[in-house]
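In: Need a 3D model of the following:
(4 chains)
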There are 2 protein chains.
Amino acid sequence: MRCTRSAILTSALEDYLETIYLFVQQQGFARVRDIAKARNVKAGSVSPAMKRLAALGLIEYAQREYIKLTDEGERFARKIFSRHEILTRFFHEFLKMDLEDASADACALEHSLSDEAMDRLVRLFEFMRLCPERKREFWDFFHTCTLVNPDGTGECNHECTENVRRLVIRSKKYLKDMEPGETSKVIKLDSSGDERNVLIDLGFLPEASVEMVRISESEGRVYIKLNGYRLSIPMEYAEAILVE
Amino acid sequence: MRCTRSAILTSALEDYLETIYLFVQQQGFARVRDIAKARNVKAGSVSPAMKRLAALGLIEYAQREYIKLTDEGERFARKIFSRHEILTRFFHEFLKMDLEDASADACALEHSLSDEAMDRLVRLFEFMRLCPERKREFWDFFHTCTLVNPDGTGECNHECTENVRRLVIRSKKYLKDMEPGETSKVIKLDSSGDERNVLIDLGFLPEASVEMVRISESEGRVYIKLNGYRLSIPMEYAEAILVE
DNA sequence: CGCATTTTGTAGACTCCTCTAAACAAAGTA
DNA sequence: TACTTTGTTTAGAGGAGTCTACAAAATGCG
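Out: Next comes the predicted model:
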């Protein structure tokens, strides 16, 4: 797992560029005060940042004058902004997050998304534009059945619903129903809210392999191996993890 | 656009935790040397980081001893690792990036993905597990038509193909074919490699609105408004942007 | 015009994270 | 026992990015 980051600009500088870009486009000029407010930072922090950007040739900056992007600065700003847009749209339109939450996530991720990943995401959007029927069939069903009715019992009248019903409702098998030594795979989490987040953070992801080690009724805990890693969880969690 | 990030841990510390976690799981112990090598950092940088983590109660750390995670440290590490896994799988299985590239992108993004977005991504995976037919119909077609045959002329024998053919091949309309004053929307980019990346970075994303301002044959440039923002691009770029 | 307010820049301090170089510790080896 | 090797820690430095407090410039208003 190689995680080497070799960024030309730090993400703080990228944020400054993006902020300047948006102000110039929206109101024709960018001032230190506006930038400070938009970035939620004191004006005293903005001045040195502007100096750094000017030294890199990305902005034209004379003290106490309006700030302008150079061509190269604008290229950088547009690049970040494009990533922001695509990520926002993905989280909002496809994962159905609130627009604000989607944008907040995009803010955080826009600085690290590779060209490659960006390219693929754009292709995904292109494809959905070119093939709206497929898009509808997949995403609308996902939205209705999974996001609106997370237990799969909702109003989807679709052939898949039968699968869902069989798996989720009729032959429910939870982690706590497994025999010691038995190995299976996580299908889905039958919980929501905080408990769901805890389970996700523990690593109970779809397709994760779980092996039951033992159930301790006295402790009220279940000992398992998750992806080969030992772990123990409270019994109530084990009642919310649907397995194969 | 609020981009306030209030992280409990810096992403460097999160990386250290994740690295320790993986070493402990894989070889039973974690040493400064291993961590330094894995994180591509000098050993002299690791020691102070271990002190910080120990001060936060996330690791047990006696000088020159093996490093162990506390329960809370392990929770953090698992959380980061879960995010890493989901993002890697999304980029690899769905966007069809190389596993290594996918993992590298995941490394960068795992520290900033919100609980909310993580939850939605997990739901997406759950859904695809529960409804494999829908998954196949959407994603396989996406992979074949868009990633393998980016011009949509490939071997997909699917009803959508007709749409693609009509749009892309028969009634091609490129940005350069627009009349001054005319407004349209970007459908897709008919280019690949560096040029495609440049166009994406300039903001030519699907659904972006473009207004033709004027074509300057002498300069070989096209002046447009993209999402309302003035921009000029070389003629050859305008020949690669498919519009409605 | 001149004073008060707003805006911007400077200086110094702090944290985080990294580096290099050197010291230190715990082994094994001669 | 002394030397070498390997691994770890310390010390000192530097860059990025932020803060506060204060100084300077610009602006607005009576």
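
In: Point out the residues in chain A that sit beside DNA strand C.
Out: Applying C-beta under 7 Å from any atom of the strand, we find that chain A lies next to DNA strand C at A:31-34, A:36, A:43-44, A:46-48, A:50-51, A:63-64. C-betas here are computed from N, CA, C, even on glycine.

In: What subset of those residues is buried?
Out: A:Arg31, A:Val32, A:Asp34, A:Ala36, A:Val46, A:Met50 (16 or more other C-beta atoms under 10 Å in any protein chain shown).

In: can I get those in JSON lines with secondary structure, pLDDT and distance to DNA strand D?
Out: Shown next, in JSON lines, are these (DSSP: H, G, I helix; E, B strand; the rest coil; pLDDT from 0 to 100; distance: C-beta to the nearest atom of the strand, whole Å):
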{"residue": "A:Arg31", "secondary structure": "coil", "pLDDT": "92", "distance to DNA strand D": "10"}
{"residue": "A:Val32", "secondary structure": "helix", "pLDDT": "92", "distance to DNA strand D": "11"}
{"residue": "A:Asp34", "secondary structure": "helix", "pLDDT": "92", "distance to DNA strand D": "14"}
{"residue": "A:Ala36", "secondary structure": "helix", "pLDDT": "94", "distance to DNA strand D": "8"}
{"residue": "A:Val46", "secondary structure": "helix", "pLDDT": "94", "distance to DNA strand D": "8"}
{"residue": "A:Met50", "secondary structure": "helix", "pLDDT": "93", "distance to DNA strand D": "11"}
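
In: Need the max-distance pair from the residues you listed.
Out: Greatest spacing in those, by C-beta to C-beta: A:Asp34 and A:Met50 (12.3 Å).

In: Show me how chain A divides into domains.
Out: Per automatic domain parsing, the structural domains of chain A span A:1-131, A:170-243.

In: Packed most tightly, which of these would that be?
Out: The highest mean neighbour count among the domains of chain A, using mean count of other C-beta atoms under 10 Å in any protein chain shown, belongs to domain A:1-131: a mean of 18.

In: what's the distance between it and the middle of its chain?
Out: Taking C-alpha atoms, centre = their mean, to the nearest Å, one finds the center of domain A:1-131 at 17 Å from the center of the full chain.

In: again with stretch A:188-202
Out: Distance, centroid of stretch A:188-202 to centroid of chain: 16 Å (C-alpha atoms, centre = their mean).

In: what do you get for stretch A:211-220?
Out: 34 Å.

In: hmm, who's touching it?
Out: A:175-176, A:178-184, A:222-225, A:230, A:234-235, A:238 (C-beta atoms under 8 Å, 6 or more residues apart in numbering or on different chains).

In: for that stretch, how far is the first residue from the last?
Out: End-to-end distance for stretch A:211-220: 18 Å, by C-alpha to C-alpha, to the nearest Å.

In: Stretch A:205-225 now?
Out: 13 Å.

In: follow-up on the earlier one: name the nearest of the buried ones among the residues of chain A next to DNA strand C relative to A:Leu9.
Out: A:Met50 (13.8 Å).

In: coming back round to it: can you tell me which of the contacts of stretch A:211-220 are in strands?
Out: Here DSSP state E is the test, and the contacts of stretch A:211-220 give A:Thr183, A:Ser184, A:Val222, A:Tyr223, A:Ile224, A:Lys225, A:Arg230, A:Pro234 as lying in strands.

In: Let me have these in CSV, adding pLDDT as columns.
Out: Output for these, formatted as CSV (pLDDT from 0 to 100):
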residue, pLDDT
A:Thr183, 95
A:Ser184, 94
A:Val222, 95
A:Tyr223, 96
A:Ile224, 95
A:Lys225, 94
A:Arg230, 86
A:Pro234, 95
